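Peer 1: Here is a sequence together with a model predicted from it:
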Amino acid sequence: MIRFDEVSKRYAGGHQALKQVSFELDQGAMVFLTGRSGAGKSTLLKLIMLTERPDQGQIVVGARNILRLSAQQIPLYRRRIGVVFQDHQLLFDRSVFDNVMLPLRIDAYDKHEAARRVRAALDKVGLLSKEKMNPITLSGGEQQRVGIARAVVNRPQILLADEPTGNLDPELAAEIMLLFEQFNQVGVSMLIASHDLSLITRLRHRILTLDQGSLINDEVHPSRRDSQSHGSGR
Amino acid sequence: MSNSTRTSPGKNTARSQTGAKRGRSAKQRISGWIEQHIDACADALQRVWTQPLNSMMSLMVVAIALLLPALVYVAGKNMAQFGGSLQNTHRISFYLQPGTSPEQAQALQALMTDHPLVDRVEFISSQQAAADFANWSGLGDVIDSFGDNPLPASLEAHPVDMATDTALQIRDAFASDTAIFQVVMDVAWIERLDSLMQLTDRMVLALILVLSLAVLFIIGNTVRTHIAGRDAEIRVMTLIGATRAFISRPFLYNGALQGLLGAALAWLLLLALLQLLAQPAQALLAFYGDEYVFTGLDLRASLFMLAGGLLLGWMGAALSLSRHLNKP
């Protein structure tokens, strides 16, 4: 579903964010991306979103070399990928319903079909009763769930999440991860960046570890003992 | 109604499975697209509505900028009436010495008619001149009160063309004839009017150009503040796959709406001003004859003004978007 071939990225200031990173993510996989702050997690996600471009290497998403997409194709490509941000990026000038509606408005859904899908997505994250509220009145966990509803409302094949639990307490974080697992079970491929090792090792999925831009570890179902060696990541 | 799926080349089987869920009928797609435009229009209207004071002030500036050329245009159009009617009266009047005999006058008329630059010559007797004057001015009683008709007979020469040079040559050819005591030619004042007309035409054009630029920048600036105020929204929309066209649309509609409303306001202001000017202007025109009627802005110019406002607003917004919307 996603393949990186020797991808390197150096920012204009000279900071080497990624060094020859290669990995492959299968259709329907759920993979965590971990590492210290500045290890290159966000950069890797930005490269998939095409908000940044690599200096070297190839990135293939869904059998397509995304680096060859034209400026007109990029928006259409992004619509097939759901993104959850650490700071949820909700718009406070409109209701929860209208926030989740945004991707469907962009994709020119008609109102009837769109409303049905928005309610289905809100129902899935347990916020159907709050559709008319302004997201600013919701708790941090609820806001993040609205962000997730917005990311999945268009039924993307891939869901990316950048520190989705970064601002949440452990209990809420676990709830969010449970939600992600549910989406994964219906076939959505997931790539979740998180430095919360105690949480993600408990979930027993594949973990990619970045350190100073290099992929240093790629483990499937890591044991508890391994996780402690990276435990100082926070 | 077929429930067609959107399949693009290069889709693998796994994708077309999820693709099937995304399938929407053509009807749904079209109504979705129309709704996008309605949304953008509603959004544009709402931006004007929610900041009435700001909007009103910038609309007022736009209106004044559009009003000025329209006013000059109306003034010019009313002045053009004179130009039109005076061109037909391009003639040289040779006033004859009192006591010139009809035979002498006829001989002179024949001589003038033979001149290659003269088209035709009319003889106006002093009686006819008095009747014309009474008719034209309504002051027949004044002539009557003189007892003797004070108006001289005259020969009116019509040149073959409208060139000032032609008229001057005809004048010079006969001015020294002993039977003639005065030559009157409208050339100078026709020329002055002509150049005045050209000047107003140019002024309207220059005003339209300069003030269009002003409108462009006023609306561009208002749209720029809208763009800055919606920075977060634009960023999020770009990340979740909005096209530049989609993001630009409400701003373009907003600019066009501002232009249109500004033009409509200018049109109303012009209407009020013309109402104020109509009476004295008509009174002034009446001095020059009944055929002169004060005219306001015609339908074509009104539509031109509204369409111009709309287009300028759209362009102002486009200009602002090209400078302030970050590339995706």
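Peer 2: Everything's here; your move.
Peer 1: what are the phi and psi values for residue A:142?
Peer 2: Main-chain dihedrals, residue A:142, degrees, to the nearest 10: phi -70, psi -40.
Peer 1: contacting residues for it?
Peer 2: Under the criterion of C-beta atoms under 8 Å, 6 or more residues apart in numbering or on different chains, the neighbours of residue A:142 are A:127, A:130. From N, CA and C alone the C-beta is placed, and that goes for glycine too.
Peer 1: Starting from residue A:207, give me the distance back to it.
Peer 2: Per C-beta to C-beta, to the nearest Å, residue A:142 is found 28 Å from residue A:207.
Peer 1: All the strands of chain B, residue numbers only.
Peer 2: Along chain B, counting by DSSP state E, strands occupy B:92-96, B:118-124, B:154-159, B:180-185.
Peer 1: Now do residue 172, the pLDDT please.
Peer 2: In the absence of a named chain, this looks at chain A. For residue A:172, the model assigns a pLDDT of 86.
Peer 1: wrong one, chain B
Peer 2: So, for residue B:172, pLDDT stands at 84.
Peer 1: now residue A:4
Peer 2: pLDDT at residue A:4 comes out at 92.
Peer 1: Would you reformat the strands of chain B as CSV and include mean neighbour count and mean pLDDT?
Peer 2: CSV is the format used below for those (neighbours: other C-beta atoms under 10 Å in any protein chain shown; pLDDT from 0 to 100):
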stretch, mean neighbour count, mean pLDDT
strand B:92-96, 22, 86
strand B:118-124, 16, 87
strand B:154-159, 21, 85
strand B:180-185, 16, 83
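Peer 1: Could you list which residues are in contact with residue 126?
Peer 2: All of this is about chain A. Residues near residue A:126 by C-beta under 8 Å, 6+ apart: residue A:145.
Peer 1: Sorry, I should have been clearer: chain B.
Peer 2: Shown in contact with residue B:126 (C-beta under 8 Å, 6+ apart): B:149, B:151-153.
Peer 1: hmm, try it at 10 Å
Peer 2: Residues in contact with residue B:126 (C-beta atoms under 10 Å, 6 or more residues apart in numbering or on different chains) are B:95-96, B:98, B:100, B:148-154.
Peer 1: Quick check on those residues: which are buried?
Peer 2: Buried subset of those (neighbour count, 16 or more other C-beta atoms under 10 Å in any protein chain shown): B:95-96, B:100, B:149, B:151-154.
Peer 1: And the strands of chain B: which comes nearest residue B:210?
Peer 2: Ranking the strands of chain B by proximity to residue B:210 (C-beta to C-beta) places strand B:180-185 first, at 38.2 Å.
Peer 1: does chain B sit close to the lengthiest helix in chain A?
Peer 2: Ranked by number of residues, the top helix in chain A under DSSP state H is helix A:170-185. No: Helix A:170-185 is not in contact with chain B by C-beta under 10 Å from any C-beta of the partner chain; minimum separation 12.3 Å.
Peer 1: what about the spatially closest residue to residue B:254 that is not a sequence neighbour, neighbour count?
Peer 2: Nearest residue to residue B:254, sequence neighbours excluded (C-beta to C-beta, 6 or more residues apart in numbering or on different chains): residue B:44, at 3.9 Å. By other C-beta atoms under 10 Å in any protein chain shown, the residues close to residue B:44 number 22.
Peer 1: right, and residue B:44 touches residue B:248 too?
Peer 2: No: between residue B:44 and residue B:248 there is no contact under C-beta atoms under 10 Å: 11.4 Å.
Peer 1: Now do the helices in chain A.
Peer 2: Ranges of helices in chain A, per DSSP H, are A:41-49, A:73-78, A:96-106, A:111-124, A:140-152, A:170-185, A:197-203, A:224-229.
Peer 1: Please produce JSON lines containing the ones you listed, extended by distance to residue B:178.
Peer 2: JSON lines is the format used below for the helices of chain A (distance: least, C-beta to C-beta, whole Å):
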{"stretch": "helix A:41-49", "distance to residue B:178": "101"}
{"stretch": "helix A:73-78", "distance to residue B:178": "93"}
{"stretch": "helix A:96-106", "distance to residue B:178": "93"}
{"stretch": "helix A:111-124", "distance to residue B:178": "95"}
{"stretch": "helix A:140-152", "distance to residue B:178": "103"}
{"stretch": "helix A:170-185", "distance to residue B:178": "114"}
{"stretch": "helix A:197-203", "distance to residue B:178": "121"}
{"stretch": "helix A:224-229", "distance to residue B:178": "128"}
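Peer 1: hmm, back to that, looking at the contacts of residue B:126, spot the one nearest residue A:150.
Peer 2: residue B:154 (91.3 Å).
Peer 1: ok, the closest one - contacts?
Peer 2: By C-beta under 10 Å, 6+ apart, residue B:154 lies in contact with B:92-96, B:105, B:122-126, B:128-129, B:180, B:182-184.
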